[in-house]
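Undergrad: Structure of the sequence below:
(one chain, ligands or ions: 2)
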Amino acid sequence: MNVIRTAIGLMSGTSMDGIDVALLRTDGRGFIERGPFLGVPYDADFRGQLKRALELARPLHDRNERPSELREIELELTLRHAAAVTAFLERFELSPDAVDVLGFHGQTVLHRPDEGLTIQIGDGPELARRTGISVVYDMRANDMVHGGQGAPLVPAYHAALAGKFQQAGQSVCFVNIGGISNLTAISSDGRISAFDSGPGNTLIDQWVEMQTGRTYDPGGEIGGRGKVVASLAERYLESPFFRSNVRRSLDRGDFAPLRPGEASLEDGARTLAHIAAASIIKSADFLPETPSTYIVCGGGRLNRTLMAEFSTMAERLGSNVLTAEETGFDGDAMEAEAWAYLAVRSLDGLPLTFPGTTGVGAPVSGGVLAKP
Ligand SMILES: Nc1ncnc2c1ncn2[C@@H]1O[C@H](COP(=O)(O)OP(=O)(O)OP(=O)(O)O)[C@@H](O)[C@H]1O
Ligand SMILES: CC(=O)N[C@H]1[C@@H]2OC[C@@H](O2)[C@@H](O)[C@@H]1O[C@H](C)C(=O)O
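TA: Ligands and ions are numbered 1, 2, ... in the order given. Model prediction:
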């Protein structure tokens, strides 16, 4: 009999906009009962500390190494996650005793799959002590030890959600448009193909923040007033990343930001939205079949300019584009839900990654358990 557990997933992603908190009741297999979600934004000062953490991590070669300043940021990140859990429990009137496990992603500060190196800061034992709840953390490392890319990990959860579409004989592709975008395609006969597909919001965010101080393009309104600069789009879309047969997982800094003066604010935002959309379509060429339906989650689904570009390109190829909400999901919550799901799978020693998701040689579990 599979044990159903109550799990809370904690995701702090490459956009560094805050902590996503989501509750799931699941057996880590086919039983999934989604619970509430809470987004806890970071203030500008801590976002600055996280960006500093990326700089501090750059010279590292050992995933456990923590120079003192990086260790301080890691502790602050951990305390903020503990506070987010407390706020979540209070908001939804839940006792810590009602929660079996926290799935704790932490913050990726360095990701070099070619070197078999990925570093997420976040102190799992400290989070367990602070919350009184068991924590599964460090879920990417074991995949890399076994030759995988260490990312993406949400595909195991997407595959569990796709069941209702498979029954209809449809091929469906989940698209997470986060800082980086990633795809999980489930073919009509159930085969999973997943990989990072290119820059998502991160180039748009960096461009808008550099020009206006705002951290993103709300609704894609700025881009909506611009036009695509073809020469800039070609520069990004000609990247070897889109031609390689090896699907590499990406780090936030793998695509250089636009430089000041290369375009007007509006044209730059529009061009980068176009690049984010075109990246998905170009990467989808590596899927075994063109998806009948794309289901878009992640913050990028709220950029109407990006979504209009993507819908036009996808529909030209005969695919339908829906947002997570149009298919009964919560596009903001899915990554945190996935981390709750993966934490339960980790407790049962079930695989988190597969040859079709990270390129790992064989299905492998992962994660480290810290008890309070
Ligand atoms: N209302 C909005 N309009 C336009 N864009 C938005 C809106 N809300 C969020 N975004 C975009 O979504 C981003 C956050 O998305 P999300 O939380 O999915 O990224 P992430 O999880 O940090 O990234 P990753 O999945 O790469 O780790 C923001 O940085 C912003 O670019
Ligand atoms: C190393 C790392 O943190 N990668 C992230 C990033 O953000 C999106 C994409 O690249 C994805 O591969 C991954 O996160 C999601 C949650 C994943 O592992 O599925």
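Undergrad: Spatially nearest residue to Glu337 (excluding sequence neighbours)?
TA: Excluding its sequence neighbours, the residue lying closest to Glu337 (CB to CB, 6 or more residues apart in numbering) is Ala22, at 4.5 Å. In short, each C-beta sits where N, CA and C put it, glycine included.
Undergrad: who are the neighbours in contact with the one you found?
TA: 8-9, 11, 34-38, 330, 333, 336-337, 339-340 (CB atoms under 8 Å, 6 or more residues apart in numbering).
Undergrad: Kindly recompute the last result at 7 Å.
TA: By CB atoms under 7 Å, 6 or more residues apart in numbering, the contact set of Ala22 is Gly9, Phe37, Ala333, Ala336, Glu337, Ala340.
Undergrad: One more: Asp100?
TA: Taking CB under 7 Å, 6+ apart as the test, what Asp100 contacts is Arg5, Thr6, Ala7, Ser134.
Undergrad: element containing the third one?
TA: Right, the one you point to is Ala7. For Ala7, the host element (DSSP states H and E) is strand 5-11.
Undergrad: quick check: angle from the following helix or strand past that strand to strand 5-11?
TA: Next in sequence after strand 5-11, counting helices and strands by DSSP H and E, comes strand 18-26. For strand 18-26 against strand 5-11, the angle by axes from the mean of the first three to the mean of the last three CA atoms, to 10 degrees is 160 degrees.
Undergrad: Adjust the sequence numbering to begin at 31 for everything that follows.
TA: Understood, numbering begins at 31; the last thing we discussed is strand 48-56.
Undergrad: What strands line up against strand 48-56, and which way round?
TA: Strand 48-56 pairs in its sheet with strand 35-41 (antiparallel), strand 62-71 (antiparallel), by DSSP bridges.
Undergrad: ok, and what's touching the longest one?
TA: By that I understand strand 62-71. The set of residues external to strand 62-71 that reach it, using CB under 7 Å, 6+ apart, is 47-56, 114, 117-118, 121-122, 190, 360, 362-363, 366-367, 371.
Undergrad: Cross-check the residues you listed against ligand 1 and keep the overlap.
TA: For ligand 1, the contacts drawn from the contacts of strand 62-71 by CB under 6 Å from any ligand atom are Asp47.
Undergrad: And the buried ones among the contacts of strand 62-71, selectable in ChimeraX?
TA: Buried members of the contacts of strand 62-71 can be picked out in ChimeraX with the line below, counting by 16 or more other CB atoms under 10 Å:
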select :47,48,49,50,51,52,53,54,55,56,114,118,190,362,363,366,367,371
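Undergrad: rewinding a little: beta partners of the residue nearest to Glu367?
TA: Here Ala52 shows beta-bridge partners Gly39, Phe67, assigned using DSSP bridges.
Undergrad: Let me know whether Gln196 touches Ile216 as I believe.
TA: Yes - with contact defined as CB atoms under 7 Å, Gln196 counts as touching Ile216 (6.5 Å).
Undergrad: ok, these two, which is more surrounded?
TA: Neighbours per residue, other CB atoms under 10 Å: of Gln196 and Ile216, the larger number sits with Ile216, 25 against 16.
Undergrad: List the contacts of the more buried one.
TA: Contacts of Ile216 (CB under 7 Å, 6+ apart): Ala189, Ala192, Gln196, Ser201, Val202, Ile222.
Undergrad: now the strands for the stretch 131-280 of the chain?
TA: With DSSP state E, counting those that start in this stretch as the criterion, the stretch 131-280 of the chain has strands at 131-134, 137-142, 147-151, 165-167, 202-207, 210-216, 222-229.
Undergrad: and stretch 162-175, average pLDDT?
TA: For stretch 162-175, mean pLDDT rounds to 98.
Undergrad: Please measure how far the first residue of it sits from its last one.
TA: Stretch 162-175 has an end-to-end distance of 30 Å (CA to CA, to the nearest Å).
Undergrad: List the buried residues in that stretch.
TA: For stretch 162-175, burial by neighbour count (16+ other CB under 10 Å) applies to Ile163, Ser164, Val165, Val166, Tyr167, Asp168, Met169, Arg170, Ala171, Asn172, Asp173, Met174.
Undergrad: with the residues you listed in mind, which one is nearest to Trp237?
TA: Lowest distance from Trp237 to these (CB to CB) belongs to Arg170, with 28.3 Å.
Undergrad: Quick check: closest non-adjacent residue to that closest one.
TA: Excluding its sequence neighbours, the residue lying closest to Arg170 (CB to CB, 6+ apart) is Gly180, at 4.2 Å.
Undergrad: Run a quick neighbour tally on that neighbour.
TA: For Gly180, the neighbour count with other CB under 10 Å is 26.
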